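**Student:** Pasting the sequence and the predicted coordinates here, then a few questions.
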Amino acid sequence: MVSTNMPPYRVSLAGLLLAAREAVMAPIRPCLRDAGVTDQQWRVLRALSDEGALDLGSLAAHALLHPPSATRIIKDMADRGLIQRAVDPANKRRIILQLTEAGEDLVHDASPQIIDVLDSYAADLGTARLAALRRELQALIDIIGKEEARRN
């Protein structure tokens with residue numbers, strides 16, 4: 001056993017955030033499986049549904065994916081007819097991605113079950129506590145982003 005001053009991983013900030021993500025996603029994954037998509041594919045669908053047409057870099061950022069992963073996911077989703085790719089008329093090297101009608105239908109059809117799960121979290125935790133948690137998590141993200149910018 002290595003001796004460090006770090007807390008056990010399961011109670012570290014990274015460990016708790018990862019455990020929280022897994023706890024949040026566990027009841028949602030069956031809904032996604034029923035819809036025929038993975039967590040990452042759902043994030044791509046949601047990003048395009050929320051933001052509209054995006055280039056690859058913007059989509060990867062919105063969906064919280066590494067660009068190489070986004071490229072693989074987009075190829076599969078385009079092959080399945082959920083996303084369409086088009087060349088940006090203003091910049092021929094840039095590809096614009098958007099949902100197809102089938103992609104929009106998938107988001108529309110899967111959303112009610114996912115909303116039910118999310119509503120249960122709000123009911124169990126309380127809307128005020130959930131809102132406070134979101135604010136605190138965003139504050140943490142902002143602080144870490146500022147620190148990262150200072151280091152670079």
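**Tutor:** In hand now; what should we look at?

**Student:** so where's this structure uncertain?
**Tutor:** By pLDDT under 70, the weakly predicted segments of the chain are 1, 3.

**Student:** Quick check: neighbours of the longest strand anywhere in it in the sheet, parallel or antiparallel?
**Tutor:** Assignment by DSSP state E gives strand 91-99 as the longest strand of the chain. Next to strand 91-99 in the sheet, as set by DSSP bridges, lie strand 54-55 (antiparallel), strand 83-88 (antiparallel).

**Student:** What are the buried residues along that strand?
**Tutor:** 95-99 (16 or more other CB atoms under 10 Å). Using the backbone N, CA and C atoms, a C-beta is placed for each residue, glycine as well.

**Student:** Likewise for stretch 78-87?
**Tutor:** Neighbour-count burial for stretch 78-87 [16+ other CB under 10 Å]: 82-84.

**Student:** Over to stretch 40-60?
**Tutor:** Those would be 40-49, 54, 56, 59-60, for stretch 40-60 by 16+ other CB under 10 Å.

**Student:** Kindly reformat the residues you listed as JSON lines containing secondary structure.
**Tutor:** Formatted as JSON lines, the buried residues of stretch 40-60 follow (DSSP: H, G, I helix; E, B strand; the rest coil):
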{"residue": "Gln40", "secondary structure": "helix"}
{"residue": "Gln41", "secondary structure": "helix"}
{"residue": "Trp42", "secondary structure": "helix"}
{"residue": "Arg43", "secondary structure": "helix"}
{"residue": "Val44", "secondary structure": "helix"}
{"residue": "Leu45", "secondary structure": "helix"}
{"residue": "Arg46", "secondary structure": "helix"}
{"residue": "Ala47", "secondary structure": "helix"}
{"residue": "Leu48", "secondary structure": "helix"}
{"residue": "Ser49", "secondary structure": "helix"}
{"residue": "Leu54", "secondary structure": "strand"}
{"residue": "Leu56", "secondary structure": "helix"}
{"residue": "Leu59", "secondary structure": "helix"}
{"residue": "Ala60", "secondary structure": "helix"}
